[in-house]
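# need a structure here:
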Amino acid sequence: MDQNNQPNQVPRSARQETKRLKKIIIVVFCALLAFAVLYYAFTEILYQQIYDSIIVNIPWLQRILDDDGVGNEYQGEQFSIYFYPIDYEFNILEYDEYLELDRNIYYYSNPDQYGSVIVLDEDNVNKQAEGVTLLYNMLNSIIMGDADAYNACFSDLYYENKGLEPDPGFTMTQLYDMKITKMGQKTVDDPKLGSYTQFEFVVQYSIHETNGTFRNDIPSDSSAAQYFVITDRNGELLIENVIFPYFFRH
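Take a look at the predicted model:
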């Protein structure tokens, strides 16, 4: 037979390559189809089950999701702080995650925090140095979200010197790791007011899941230390000055 009249034939190796490519295409198509089925099953069926069984059992996450994940925000010059959503109805004393933290208020009678430490409570706080009860009450007013009690801890001179108004209000605040340290005291002779006593303390604490209503300058679970000056100028112990930030060496 004449070679020019022979039918065209595809080499065997080329046919095998074509079959191999067809198999690859079929496998990729099946994989994509399986992925689409699994994606649909997860998003339409499993997601809600996972949400209901896990997410709703995490209180702080649920509060964020209920607020579309958006909290209030502090914009500083060098940084931003994102806070938990504000909820004035949220009772932190019923929140297990906060109750598991160390909510004691510790008192140290010297600036080195050496020697015995006292865990303050209603029975022993009045037996400590002057000014301790005032700070103890101040910390509890912050925890309870009691702005009136908090404002009452400060003298009129404090607001005048700072150019501030009393705090208009804040939610219950999850304070923990609280310490009151006595730094010293002295007698001050004032030409107008006469002699009075000045007491100096450092107060330290951390805030869990802060929402920014009480402090908008520190993020959640960060610590703060402030230097408090308390006087008895008018015959009543009141906070006259607060220095912050105060970097305490302990």
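# Quick check on residue 123: phi, psi?
Backbone geometry at residue 123, expressed as degrees, to the nearest 10, gives phi -80, psi -30.
# oh, and call the first residue 27 from now on, that's how I've got it
From this message on, residue numbering opens at 27, which makes the last subject residue 149.
# measure it to residue 125 for me?
When distance is defined by CB to CB, to the nearest Å, residue 149 is 21 Å away from residue 125. The C-beta positions use only the backbone N, C-alpha and C, and glycine is treated the same way.
# the more surrounded of the two?
Between residue 149 and residue 125, counted using other CB atoms under 10 Å, the more crowded position is residue 125 (12 against 7).
# Give the closest residue to that one in space, chain neighbours not counted.
Closest residue to residue 125 in three dimensions, ignoring its sequence neighbours and counting by CB to CB, 6 or more residues apart in numbering: residue 119, at 7.3 Å.
# and the residue minimising distance to the centre of the chain, how far is that from residue 199?
By CA atoms, centre = their mean, the mean C-alpha position of the chain lies nearest to residue 246, the distance being 1.9 Å. Note on residue 246: its distance to residue 199, by CB to CB, is 11 Å.
# do the same with residue 255
In terms of CB to CB, residue 255 sits 23 Å off from residue 199.
# Between residue 246 and residue 199, which contacts overlap?
Shared between the contact lists of residue 246 and residue 199 (criterion: CB atoms under 8 Å, 6 or more residues apart in numbering) are residues 233, 236.
# Show me what the longest helix along the chain is packed against.
Of all segments of type helix in the chain, defined using DSSP state H, the longest is helix 38-67. The contact analysis (3 or more CB pairs under 8 Å, 6 or more residues apart in numbering; DSSP states H and E) places helix 38-67 against no helix or strand.
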